[in-house]
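> here is a sequence together with a model predicted from it:
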Amino acid sequence: MPTDYRLEPIARGYNSPEGPAFAADGSLYFVNWLTSSINRLDSNGGVVEFANTGGVPAGLAFHRDGTLYCADEGDQIHGVIKITASGAISVFVNEYAGRPLNGANDLVFDRNGVLYFSDPWRTSLVNPTGGFYRAFPDGRLEQIATGLAFPNGVAIDPSGSAVYLAETPRKHVLRFALQSDGSLDAPLIFAHLEGEGGPDGMTFDAEGNLYVAHYGGSRVDVFDPNGREIDRIPVPGRGVTNVAFGGSNYGTLVITEVESASLYRVELGVRGLKLYGGL
């Protein structure tokens, strides 16, 4: 992997960018949570507001049918919403066992259309009440784990054999192995981040390396399939929130960063993992 990374800004002036996700037509979608907006960046570099949730949108993920799913961690929604191509918003899930969710932050579909999402709003080391869930296509909602201190980014490895969850204040990434019967093993610590801050959004490349937005660390940390740190991608500003692969050859990594109020792209010479929906 190259070490002389050249980041190029592709959008500026967004004070809380998060949740980059590529649609099937190659358009890049991202949120700006302080304005409750979901924005679309087209191939010509123009940005338009696609939808406004009125809450605190964070992670984005496309379903194969083109519907955009958004984790919203505000007090108005508490969970995951769906947004059609025309911008119509509806609630997908906002409670579990009759009780409101905390507020969802990040989400990812597996190859079967099962949606995994974190639920951290207002949780912390002193209030470790965060949850981790998966929603099945038949409407079932399962709580995978609870008692978490701000569970954050979510990613699924290329083999589909494990799901990964960032627990930001504890500075580690958890790995939940997926068994052949669909059950999940108890989590193990996959990787630990060094320095200030902790892990935020995450994504895999096609070779099984995990790219972790290091919030508070001014970089993206890269871990091999064994959890060994193999690279660091420096980013202007300490507030690195999320990452996503896209581009014509799926070799462009997009990075969102709060302090510089910008989105960046960098060509890595590797191919990103193709997700369930989107590009």
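Nice, I can see it. Numbering: from 1, shown residues only.
> how about the strands in the stretch 101-250 of the chain?
For the stretch 101-250 of the chain, the strands defined by DSSP state E, counting those that start in this stretch cover 107-109, 115-119, 130-135, 141-148, 151-156, 162-167, 172-177, 188-192, 198-204, 210-215, 219-223, 229-234, 240-246.
> the fourth one vs strand 162-167, what angle?
Using axes from the mean of the first three to the mean of the last three Cα atoms, to 10 degrees, the interaxial angle of strand 141-148 with respect to strand 162-167 works out to 40 degrees.
> the residue nearest to Gly239 when sequence neighbours are not counted: neighbour count?
With Cβ to Cβ, 6 or more residues apart in numbering as the measure, Val258 is the residue that lies nearest to Gly239, at 3.2 Å, once sequence neighbours are left out. (C-beta placed from N, C-alpha, C; glycine too.) By other Cβ atoms under 10 Å, 20 other residues sit near Val258.
> could you do Leu263 as well?
Residues near Leu263, counting by other Cβ under 10 Å: 24.
> for it, list each beta-bridge partner.
Here Leu263 shows beta-bridge partners Ala11, Thr256, assigned using DSSP bridges.
> for it, give its distance to Thr241.
Here Leu263 is placed at a distance of 10 Å from Thr241 (Cβ to Cβ, to the nearest Å).
> go on, Ala177?
The gap separating Ala177 from Thr241 is 27 Å, by Cβ to Cβ.
> more neighbours: those two, which one.
In this comparison of Ala177 against Thr241, neighbours counted by other Cβ under 10 Å, the higher total goes to Thr241 at 25 against 14.
> and that one, what pLDDT?
The predicted local distance difference test score for Thr241 is 98.
> surely Leu174 meets Ile189?
Yes. Taking Cβ atoms under 8 Å as the contact criterion, Leu174 and Ile189 are neighbours in contact, 6.3 Å apart.
> more neighbours: those two, which one.
Higher neighbour count among Leu174 and Ile189: Leu174, with 22 against 13, using other Cβ under 10 Å.
> tell me what the more buried one is bridged to.
Where Leu174 sits in a bridge, its partners, by DSSP bridges, are Leu165, Ile189.
> residues contacting it?
The contact partners of Leu174, taken as Cβ atoms under 8 Å, 6 or more residues apart in numbering, are Tyr164, Leu165, Ala166, Glu167, Pro187, Leu188, Ile189, Phe190.
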